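K.L.:
Kindly return the folded structure for what I paste below:
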Amino acid sequence: MSERVTAFLPCRAGSQRVPRKNIKPFADVQHGLIEIKLKQLFASEGVDEVVLSTNDEEILAYAATLDDPKLRVHRRAEKLSSSETSTDQLVAHALELIGKGHILWTHVTSPFISAAQYDMIIAAYQDQLIAGYDSLMTTTEIHGFLWQHERPMNYDRTVEKWPRTQTLEPVHEVNSGVFLAPAEVYRDLDDRIGERPYLYPLDKLVSHDIDWNEDFIVGETLLQKGLVQL
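P.N.:
Predicted coordinates for the structure are as follows:
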């Protein structure tokens, strides 16, 4: 794969569930999740450029203090920065900013995907493009009894009512850690994954996603206990 890999890092102001979530101190990291994520992406050998798209004045001020040649900061328009902004609108925004090569869409809310893990994900993506997949997204495998519409989703009770959970075929939950695809997928499909995405499972701790305040507290605890690395 000779084309560049550009990380797209959307980061809007105004989190309603966790105020200042993206930049308030996290464990002993002064600038919190945005500081962690930018350092990880800067350290990744497979990431050539990092496009930070934000309307958050605190994050813009913090980014202005950084001196890394990989970083490109875009002040995002307010019309694309509300809680009503759809992911589909951001797909077009990412394509407009990046335009070519491969787009690695990631979030500050996945603080335990390290530089080394980004490099492993990019290497897997390269291999799977050769194998016939057209994109990649990270998932968390669920080995459990899943039901929907009053019936089991992932096992057949006519065969065995309660099979051992370790024998169940895993269901993949999209964890929004990484979406990786060529810019052509964005242009042709208006999507951040293609028609045949490769599912790349991450373990539960690495894929920990910070959405609610309790997620933030759990994340800090995982780090302070040494159960995860940055």
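
K.L.:
remind me which residues of this structure are low pLDDT?
P.N.:
By pLDDT under 70, the weakly predicted segments of the chain are 1-2.

K.L.:
what sits up against the longest strand along it?
P.N.:
Across the chain, the longest stretch assigned as strand under DSSP state E is strand 171-182. With contact meaning CB atoms under 8 Å, 6 or more residues apart in numbering, strand 171-182 is reached by 3, 5, 101-107, 109-110, 113, 118, 121-122, 125, 134-142, 146, 153-154, 191-194, 197, 199-202, 206-207, 209. The way it works is simple: take the backbone N, C-alpha and C, and place the C-beta from them, glycine included.

K.L.:
Identify the bridge partners of the nearest residue to Ala131 once chain neighbours are set aside.
P.N.:
The spatial neighbour of Ala131 that comes closest, neighbours along the chain excluded (CB to CB, 6 or more residues apart in numbering), is Tyr198 at 7.9 Å. As for beta bridges, Tyr198 partners with Leu136 under DSSP bridges.

K.L.:
ok, back up a step: neighbouring contacts of the helix or strand following the longest strand of the chain?
P.N.:
The helix or strand immediately downstream of strand 171-182 is helix 183-189, counting by DSSP states H and E. Contact with helix 183-189 is made by 91-92, 94-95, 98-103, 134-135, 191-195, as judged by CB under 8 Å, 6+ apart.

K.L.:
now with 6 Å?
P.N.:
Contact with helix 183-189 is made by Val91, Leu95, Gly99, Lys100, Ile103, Ser135, Gly194, as judged by CB atoms under 6 Å, 6 or more residues apart in numbering.

K.L.:
can you give me the helices for the chain?
P.N.:
Remark: helices assigned in the chain by DSSP state H are 32-43, 57-63, 87-98, 115-131, 183-189, 213-224.

K.L.:
residue closest to the middle of the protein?
P.N.:
Taking CA atoms, centre = their mean, the centroid of the chain lies closest to Gly177, which sits 2.5 Å from it.

K.L.:
Now do the buried residues in stretch 15-25.
P.N.:
Ser15, Val18, Lys21, Asn22, Ile23, Lys24 (16 or more other CB atoms under 10 Å).

K.L.:
What of stretch 78-88?
P.N.:
Leu80, Ser81, Thr85.

K.L.:
Make a markdown table out of the contacts of helix 183-189 and add distance to Leu66 and neighbour count.
P.N.:
Output for those, formatted as a markdown table (distance: CB to CB, whole Å; neighbours: other CB atoms under 10 Å):
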| residue | distance to Leu66 | neighbour count |
| --- | --- | --- |
| Val91 | 26 | 22 |
| Leu95 | 25 | 19 |
| Gly99 | 23 | 12 |
| Lys100 | 25 | 13 |
| Ile103 | 21 | 26 |
| Ser135 | 30 | 24 |
| Gly194 | 32 | 20 |
